[in-house]
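**Q** please find the sequence and the predicted model below.
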Amino acid sequence: MNIIKIGNKNRDMSANELVSLISQRVPASVQISTLRDTYPQGIVRGDVFTIGSLDGESGKSLKIDINPNSPYFMKGSDFNGSQGVGGIVKILMEGRGMRLPEIKELFGNYLDNNAPPPVEQDIPQELSVTFKRAIDVNTPYDSEHLYLSGDGEILCRVRRYNMKDNAGNPLMDSHGKPKKEFRQFTDSPYPKIPDVRPLYNIPNIIASEKVIWVEGEKCADALNELGYTTTCTMGGAGMLSRKSASRFDFSPLQDKELIIWGDNDNAGRKVAELVQELALNAGAKSVTTLTPPRGKPEGWDAVDAISESFDVQHFLNTTVKHTKRNINLLDDSLLVSRFEGQAPEQKFLVDGTFPLAVPIIFSAAGDAGKGMMTLDLGMKVASGQPLAESFGSTIGEFGNVVIFTAEDDESEMHRRIERLDPNNLRFSYQHELRVVSLPNVGGVFPILQDTRDGYSTSDEFDKLYEQILQMNDLKLIIFDPLASFVHADVNSDPAAGAALTGLLAQIGTETGASVVMCHHMTKIKDDTIINTPEQARLLIRGTSALVDGVRCAFALWQVDEATGRRRCMDIGVEYQRNKCFDGAVVKSNGPANRDIRNFIRDGFSGLLEDRTEEIKRLHSGTNRQIKKDALYAWIATCEREGRALTQQSGADAITQRLTSDRDAPQVLNNLTQRSIDGIVRELIQEARIGKYSFTASGGRKWLGTTEGVMSTGEYEATTATDNV
């Protein structure tokens, strides 16, 4: 993962300072090339670039200075006085609808402090010569594409002109492809863009149910020749922007299933997002955006795919895609009759606990060890080892895993992994586990943020998500903690909570992976005791929309000290604070194991391990020896501490003290007096304990060990209750 940084001193750089830095550091030739790509209708005459306006239509009203040595480089004004130009940033904002962070990303390589300063240079001669060429309807062209109406009427002719140097040799762009320029002709001997810009290949769109959108007529024609119905928008990614979107007519896509195949570059990704929105607004039944396969070069498109004998059909049916649908209540596809045959089986990442391919919240108080538990889960899912257990249940699915941690750096993650895997089994995992420690790679990025236009994903996450979609057999994505990745008020704003859970649901559906967000519980008073999953659910921090919107929520809470001490005594470990927890599924939209699980922290790894079955066995009525040993240990402790027990008599009777003593063995709970009498009798018969009197005339009712202080007459009571 790469996060662009402009040096530490620029971390808080103002917008004006960033604009100035871009103007200073981006080479003049790059700025001119960017200007040309933004406005393909523009023409260069000497040191001036002319265009109709910042909207991009051809004309001479707007003049931009492109002399690198001029103090007015990349500046200009509209002849009619309605628009002004203040550099390449303003051009990209107006012409492409880009925001400042996007422009910063576009020129990131030049803004790095380690980059050499730009070399001022004049406009390349071949560029100037090409721009100066006047084009009309009689100018020879290299290819022509006709935009037709549904009736076959020619709405526009788009002609391509390959760029050449003075020697007649083709010019190449940065991707090694021939440079070209396009002109549109509509009922005029001179280039003119239609006022309403139609889609390409409308007659076939009307006759088809599924349509592919690509960037440019060449790609569209290549796919059309293979039998697919393919369209594009006039001018490609450079001409279609939010500012110009109202001039494009997407109405032929109404009730169609659209597949978007954009070029493999940033401009392609941005225009694909816009096309998706415009197509849905025009009534498209569904829009699916494909993600280029991993490893394809920058600018890779449909023509490249066909030339390399790429499996186009497989790619069009790939799961590496985004799909959005319009809801039409008059569409028969929504009828209940579509649910026929056997319903798909619900698959679980962790049996009965974490469903597969859904959003999940894992909530606990701070310092409970959420990160350790999710890391352990991720390692076991990637290991492929059968019968591995996590969160109290068996791992049900194995595959690739990605963990994003916002708080723990690589050194800490290394220490944790080493404790969880001291035998280095991770080097032979069947699947891949990727751990992204954000403190080491530029800091945290939001997956969801609150903007002026509403809630949206960030550019950083969009780039990473494209990579996530290319990962095969992905089973688990972890974000730890939620608060670091969501820059919106999910604690009090239901709309923010709904936006987040909707996004997580989309990620789960599109990747097929369970998406786990680690989240904090509301802080509670030290003396507050949580006894039920329902109580724990109410303590999950955030608006109710957060828990209501996920498919599953798992909560972890610390038990009270008395319970923790009993459990540690039962299983023979030393009690410490923050050692004993209970956990359970507190919300599920489907079948789930809602039993409370008992977790005790391992002293070496620090991992909370499920000890539920062991504790249950200790409490079961069949394990008499364990109960006998527990009672003997308790009698010895009480004797040593001067608070001896009696078998039946008074307030110090075993049954009474089981309910009042904090260290009473939990394994003895719910025993009848008859059962206790039997265990005491066996201990006396085995000569492990005896009954003693404190006075010569007193009865022998006090229980003590045969080698303890009672047997030697040295017992000293610490309380007066029944000890007189």
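**A** Nice, I can see it. Residues are numbered from 1 along each chain as shown.
**Q** residues contacting Thr233?
**A** By CB atoms under 8 Å, 6 or more residues apart in numbering, the residues touching Thr233 are 197, 199-200, 213, 239-240, 248, 275. Any C-beta I mention is one placed from the backbone N, CA and C, and that applies to glycine too.
**Q** hmm, which of the residues you listed are the buried ones?
**A** Applying 16 or more other CB atoms under 10 Å to those, the neighbour count classes 197, 199-200, 213, 239-240, 248, 275 as buried.
**Q** helices - which of those land there?
**A** Under the assignment DSSP state H, these contribute 239, 275 to helices.
**Q** thinking again about what came up before, and which of the contacts of Thr233 is nearest Gly59?
**A** When the contacts of Thr233 are compared for distance to Gly59 (CB to CB), Met239 wins out at 14.5 Å.
**Q** what does the pLDDT read for the closest one?
**A** At Met239, the model reports a pLDDT of 83.
**Q** surely it meets Asp55?
**A** No - with contact defined as CB atoms under 8 Å, Met239 does not count as touching Asp55 (9.7 Å).
**Q** which residues of the stretch 301-450 of the chain score low on pLDDT?
**A** Applying pLDDT under 70 to the stretch 301-450 of the chain flags residues 319-322.
**Q** could the buried ones among the contacts of Thr233 go into JSON lines alongside distance to Ser484?
**A** Formatted as JSON lines, the buried ones among the contacts of Thr233 follow (distance: CB to CB, whole Å):
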{"residue": "Arg197", "distance to Ser484": "43"}
{"residue": "Leu199", "distance to Ser484": "43"}
{"residue": "Tyr200", "distance to Ser484": "44"}
{"residue": "Trp213", "distance to Ser484": "36"}
{"residue": "Met239", "distance to Ser484": "39"}
{"residue": "Leu240", "distance to Ser484": "35"}
{"residue": "Phe248", "distance to Ser484": "39"}
{"residue": "Val275", "distance to Ser484": "32"}
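**Q** for the buried ones among the contacts of Thr233, which one is nearest Thr457?
**A** Within those, proximity to Thr457 (CB to CB) peaks at Val275, which comes in at 17.2 Å.
**Q** could you measure from the closest one over to Asp151?
**A** Using CB to CB, to the nearest Å, Val275 is found at 25 Å from Asp151.
**Q** cool, Thr186 as well?
**A** Distance of Thr186 to Asp151, computed by CB to CB: 17 Å.
**Q** who has more neighbours out of these two?
**A** Neighbours were counted for Thr186 and for Asp151 using other CB atoms under 10 Å; Thr186 has more, 14 against 8.
**Q** residue contacts, that one?
**A** Contacts of Thr186 (CB under 8 Å, 6+ apart): 155-157, 192-194.
**Q** okay, it: pLDDT?
**A** If you check Thr186, the pLDDT there is 89.
**Q** ok so, going back, top of the contacts of Thr186 by neighbour count?
**A** Going by other CB under 10 Å, Ile193 tops these with 23 neighbours.
**Q** ok, that residue touching Ser58?
**A** Yes - applying CB under 8 Å as the test, Ile193 and Ser58 come out as touching, 6.8 Å apart.
**Q** identify the contacts common to these two.
**A** Taking CB under 8 Å, 6+ apart as the criterion, Ile193 and Ser58 both touch Gln41.
**Q** which of the buried ones among the contacts of Thr233 has the weakest pLDDT?
**A** By pLDDT, Met239 ranks lowest within the buried ones among the contacts of Thr233, coming in at 83.
**Q** look up how far Tyr39 lies from that one.
**A** Distance of Met239 to Tyr39, computed by CB to CB: 8 Å.
**Q** overlap in contacts, those two.
**A** Residues touching both Met239 and Tyr39 by CB under 8 Å, 6+ apart: Gly56.
**Q** residue contacts, the nearest residue to Glu102 once chain neighbours are set aside?
**A** Residue nearest to Glu102 in three dimensions, not counting chain neighbours: Asp459, with 6.4 Å by CB to CB, 6 or more residues apart in numbering. Contacts of Asp459 were listed using CB under 8 Å, 6+ apart, and they are 101-102, 105.
**Q** out of these, flag the one nearest to Leu92.
**A** The nearest one, if we look at the contacts of Asp459 relative to Leu92 and count by CB to CB, is Glu102, at 8.1 Å.
**Q** was I right to think the closest one contacts Ala267?
**A** No - with contact defined as CB under 8 Å, Glu102 does not reach Ala267; the gap is 9.9 Å.
**Q** point to the helix or strand of the protein where mean pLDDT is at its lowest.
**A** Lowest by mean pLDDT, DSSP states H and E among the helices and strands of the chain is helix 125-132, with a mean of 40.
**Q** for the closest residue to Trp213 other than its chain neighbours, grab the count of nearby residues.
**A** Excluding its sequence neighbours, the residue lying closest to Trp213 (CB to CB, 6+ apart) is Ile260, at 5.0 Å. Using other CB under 10 Å, Ile260 has 22 neighbouring residues.
**Q** tell me who's in contact with Ile260.
**A** Taking CB under 8 Å, 6+ apart, we find Ile260 in contact with 212-213, 272, 275-276, 287-290.
**Q** which of those residues sit farthest apart?
**A** Farthest apart among those - using CB to CB - are Ile212 and Gln276, which lie 13.2 Å from each other.
**Q** between the two, which has more neighbouring residues?
**A** More crowded of Ile212 and Gln276, by other CB under 10 Å: Ile212, with 25 against 21.
**Q** tell me the pLDDT at that one?
**A** pLDDT, Ile212: 97.
**Q** who's it bridged to?
**A** Thr230, Ile259 (DSSP bridges).
**Q** test my guess that it contacts Leu223.
**A** Yes - here Ile212 lies in contact with Leu223, judged by CB under 8 Å, at a distance of 5.9 Å.
**Q** residues that sit against both of these two, list them.
**A** Joint contacts of Ile212 and Leu223 (CB under 8 Å, 6+ apart) are Thr230.
**Q** mind checking how far Ser456 is from Ala272?
**A** For Ser456, the distance to Ala272 - CB to CB - is 15 Å.
**Q** so which of these two has more stuff around it?
**A** Ala272 (22 against 17).
**Q** so the more buried one makes contact with Asn264?
**A** No - with contact defined as CB under 8 Å, Ala272 does not count as touching Asn264 (10.7 Å).
**Q** please name the nearest non-neighbouring residue to Ser286.
**A** Nearest residue to Ser286 in three dimensions, chain neighbours excluded: Arg325, at 4.3 Å (CB to CB, 6+ apart).
**Q** now that neighbour: how far from Ile205?
**A** 19 Å.
**Q** in which helix or strand would I find Gly76?
**A** Following DSSP states H and E, one finds Gly76 within strand 75-78.
**Q** my error: substitute Asp367 in the last question.
**A** Secondary structure assignment for Asp367, by DSSP H and E: no helix or strand.
**Q** so it touches Lys579, yeah?
**A** No - in this structure, Asp367 is not within contact of Lys579 by CB under 8 Å, at 11.8 Å.
**Q** who's more crowded, these two?
**A** Between Asp367 and Lys579, counted using other CB under 10 Å, the more crowded position is Lys579 (20 against 8).
**Q** mind listing what Ala267 touches?
**A** 96, 237-238.
**Q** Lys701 versus that one, what's the distance?
**A** The spacing between Ala267 and Lys701, counted by CB to CB, is 90 Å.
**Q** what about the contacts of Asp459, which are in strands?
**A** The strands, defined by DSSP state E, take in nothing from the contacts of Asp459.
**Q** now those residues as CSV including distance to Thr139?
**A** Output for the contacts of Asp459, formatted as CSV (distance: CB to CB, whole Å):
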residue, distance to Thr139
Pro101, 40
Glu102, 35
Glu105, 37
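**Q** and the pLDDT for the residue nearest to Glu102?
**A** Asp459 is assigned 83 on the pLDDT scale.
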